[in-house]
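> What would the 3D arrangement of this be:
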Amino acid sequence: MPSGQQSGNGGQRKHLAQNRKALHDYEVLERIEAGIALCGTEVKVVRAGHASIVNAWAQIDKNTGEAWLCEVNIPPYGFGNIFNHEASRRRKLLLHRKEILRLRAWEERKGCTLIPLSLYLARGRVKCELAVCRGKDAADKREAMKRRESAIDARRAIADHARGKR
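Next comes the predicted model:
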């Protein structure tokens, strides 16, 4: 399968934007798929791969009970007109009521936050992989880097050993 695509839930996923920094800074406790309410020009920009979710986060509005995605940067469409969208407006997340209540319970716990991990196409619709996260401290980040580096070194050693036998 080409990189950037995964099989899942009866179809192909084409990743449009990823938040790699979130996996470094946060410990992921739970993942959930959510739809996003976008206007037409936003869909065109996201499909072109120009969206950024690096500093994005989500929140559950306590008054209305709706889920919102904040600080997602989707630049204006180049061929848009006066009805073009605002680049960093809040966008509504499309979730079932039970999912919203479960996410609200997670969000109310101390130290938990909702972070989007990726935007992708699933069956022709733009979806968001939302994660309930807890922040890592510096020691946890260093430990994760050590594990990653040791795995890379092990792969290199295996590859070098395989080349040496030929």
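> contacts and neighbour counts: CA atoms only from here.
Will do.
> Low-confidence regions, the chain specifically.
Applying pLDDT under 70 to the chain picks out residues 1-12, 165-166.
> Domain-wise, how is it divided?
Here the domain assignment for the chain is 5-135, 137-166, based on automatic domain parsing.
> Pick the most buried one from these.
domain 5-135 (a mean of 17; mean count of other Cα atoms under 10 Å).
> so where do the helices sit in the chain?
Counting by DSSP state H, the chain has helices at residues 20-25, 40-47, 97-108, 138-165.
> Distance check, Ala159 against Ile152.
Going from Ala159 to Ile152 by Cα to Cα, to the nearest Å gives 11 Å.
> correction: Ala34
To Ile152, Ala34 is 33 Å away according to Cα to Cα.
> again, but for Lys146
According to Cα to Cα, Lys146 and Ile152 sit 10 Å apart.
> overlap in contacts of those two?
Between them, Lys146 and Ile152 share no contacting residue under Cα atoms under 8 Å, 6 or more residues apart in numbering.
> is it true that Glu66 touches Leu101?
No: between Glu66 and Leu101 there is no contact under Cα atoms under 8 Å: 9.7 Å.
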